[in-house]
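just coords:
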Ligand code: KG4
Ligand code: ZN
């Protein structure tokens, strides 16, 4: 019988300081997330300098807490996995340096994980991944369709050409004077409208799996601006619903078409926007009609966490991939396959 693998995951790419211990890439032993949302709220978005400062203050405590919760000592670990990129450079550096120091002090191997691979592997903590699969990664920083024919092999078939979906959600929310992060507020409001505003659908060239949300965002801003100039009363729920309808329709249609073209056995979603009720319902309905298994991990695994980094890091560790003490934060890291 082969030995169990315990990986300590560390995530600091944006505004969550997180550490987690995962067993064999599938079982969460501990999962600690210190969110900074309260500190960024009053600025209406993540302020990189503030994020870095929080990470510095929290990282040691969060790692200690993850080990305590797991009831483990460092010598019981097999490896340390850390988000190497993409993300905010100052924020990434803190996680990477903490991981290097921890690995060096305890003589453990280290692996550097791509943040999106982490989001995809969050699914493995909730159910078995079936290949070939299609992953929709939709968050504050990313909107991507990734095809995988086996573990560790990523083919990005579509991505956003401008704003990420969550970013557009947050900006539209801001114009409606909703608090940061705005996604959940728009989602809630959208369900209160029975007269959604008709905003455009951005499909791009025929056959493209790429996304674009900045034009839609501008349409919403123009609509608000024109209404204000005319002195018209705007119903926020109708704007929220119109915006959400446009996002949901395009994202669902592209995901469905990609799943058909690539003949996948499973479709998974990940990232903060995957928590959106309208999007979930639309994707669930579309794939139920198609008969393709569709899965979204629980909300706590959709948003940034370190268990997903440990889960992805476990596969890399098993494949013999190792980082070293020269590792650095890579803000623009590309999603390379591991094989
Ligand atoms: O994955 P995540 O925690 O962080 C990134 O890696 O970006 O995603 C955060 C994003 C924010 O933009 C937030 O507004 C959005 O996810 N979000 C939602 C919902 N819940 C969170 N967007 C739409 N509907 C929601 N229910
Ligand atoms: Zn993320």
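Perfect, thanks for sending it. Since this is a predicted model, take the numbers as computed values, not measurements. Ligands and ions are numbered 1, 2, ... in the order given.

distance from stretch 5-24 to the middle of the chain?
Relative to its chain's centre, stretch 5-24 lies at 14 Å (CA atoms, centre = their mean, to the nearest Å).

whether it contacts ligand 1 - can you check?
Yes: contact of stretch 5-24 with ligand 1 (CB under 6 Å from any ligand atom) involves residue 14. No exception for glycine: its C-beta is placed from N, CA and C like everyone else's.

name the helix or strand for residue 178, please.
Residue 178 is part of no helix or strand when elements are defined by DSSP states H and E.

surely residue 241 is in contact with residue 193?
Yes: with contact defined as CB atoms under 8 Å, residue 241 reaches residue 193; the gap is 3.6 Å.

okay, those two: which has more neighbours?
Between residue 241 and residue 193, counted using other CB atoms under 10 Å, the more crowded position is residue 241 (24 against 18).

state the pLDDT value of the more buried one.
On pLDDT, residue 241 comes in at 98.

give the contact list for it.
189, 190, 191, 192, 193, 196, 197 (CB atoms under 8 Å, 6 or more residues apart in numbering).

how about the residues of this structure by ligand 2?
Residues of the chain lying close to ligand 2 (CB under 5 Å from the ion) are 139, 304.

okay, now the domains of the chain?
6-121+302-318, 130-296 (automatic domain parsing).

tally of neighbours for the residue in the stretch 51-200 of the chain that ligand 1 sits nearest to?
Nearest residue of the stretch 51-200 of the chain to ligand 1 (CB to the nearest ligand atom) works out as residue 183 at 2.1 Å. Neighbourhood size, residue 183 [other CB under 10 Å]: 24.

for the residue nearest to it when sequence neighbours are not counted, helix, strand, or coil?
Leaving aside its sequence neighbours, residue 183 sits nearest to residue 169 (CB to CB, 6 or more residues apart in numbering; 4.2 Å). Three-state call for residue 169 (DSSP: H, G, I helix; E, B strand; the rest coil): helix.

just the domains of the chain: most buried one?
Counting by mean count of other CB atoms under 10 Å, domain 6-121+302-318 has the highest mean neighbour count of these, with a mean of 22.

pLDDT averaged over it, what's the number?
On average, domain 6-121+302-318 scores 94.

residue 174 belongs to a helix?
Yes: secondary structure of residue 174 (three-state DSSP): part of a helix.

run through who's touching the helix or strand containing residue 184.
If you go by DSSP H and E, residue 184 is part of helix 183-190. For helix 183-190, contacts defined as CB under 8 Å, 6+ apart pick out 140, 166, 169-170, 172-173, 176, 178-179, 196, 236-237, 240-241, 243-245, 272-273, 275-278.
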